[in-house]
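# A structural model of the following input is requested.
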Amino acid sequence: MPDDVVVLIWEALGGDRLTTKEASDRLDHLFNYRCPDDIAKTLSKLRKAGLIKGEISMDAGGWIWWADDECRSNRIKENK
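Numbering: from 1, shown residues only. Sure, this is the predicted structure:
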């Protein structure tokens with residue numbers, strides 16, 4: 001995954017927990033960026049790599065996503 005995409009997603013998530021649709025809408029609104037791959041697949045790949053976190057939310061009716069300091073430090077470690 002290109003570093004610039006990871007950074008865009010981190011910035012879009014900010015300190016919030018967002019649904020897949022909210023994350024996609026925020027990426028589009030903030031950066032005029034639409035993920036070339038399906039956003040759910042991209043977020044899932046990032047979660048598996050430890051670059052974001054995600055879980056099923058019954059209240060939200062699907063996945064919610066967020067990035068914390070641990071996620072951001074994983075990318076720093078990966079680039080060293």
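
# Against Lys41, how distant is the most centrally placed residue in the chain?
Nearest to the mean C-alpha position of the chain, counting by Cα atoms, centre = their mean, stands Ile9 at 4.6 Å. Remark: distance between Ile9 and Lys41 (Cβ to Cβ, to the nearest Å) = 13 Å. To be clear about C-beta, it is placed using only N, CA and C from the backbone, and glycine gets the same treatment.

# Check Asn32 too.
Distance from Asn32 to Lys41, by Cβ to Cβ: 21 Å.

# Neighbour count: those two, which is higher?
Between Asn32 and Lys41, counting by other Cβ atoms under 10 Å, Lys41 is the more crowded of the two (10 against 7).

# Is the more buried one in a helix, a strand, or coil?
Going by DSSP: H, G, I helix; E, B strand; the rest coil, the secondary structure assigned to Lys41 is helix.

# Does the residue nearest to the centre of the chain touch Ala67 like I think?
Yes: taking contacts as Cβ atoms under 8 Å, Ile9 lies within contact range of Ala67: 7.4 Å.

# which neighbours do those two share?
Common contacts of Ile9 and Ala67, defined by Cβ atoms under 8 Å, 6 or more residues apart in numbering, comprise Ile52.

# Any idea how far stretch 58-73 is from the middle of the chain?
Stretch 58-73 sits 8 Å away from the centroid of its parent chain (Cα atoms, centre = their mean, to the nearest Å).

# what sits up against it?
For stretch 58-73, using Cβ under 8 Å, 6+ apart, the contacting residues are 9-10, 13, 15-20, 23, 40, 43, 47, 50-57.

# Buried ones in it, by neighbour count?
63-67, 71 (16 or more other Cβ atoms under 10 Å).

# One more: stretch 7-16?
8-10, 12-13.

# For the protein, give me the ranges with low pLDDT.
1-2, 35-37, 75-80 (pLDDT under 70).

# now the helices for it?
3-13, 20-31, 39-48, 69-79 (DSSP state H).

# still on that earlier bit, from the buried residues of stretch 58-73, which is closest to Leu27?
Among these, Trp65 lies closest to Leu27 (Cβ to Cβ), at 11.3 Å.
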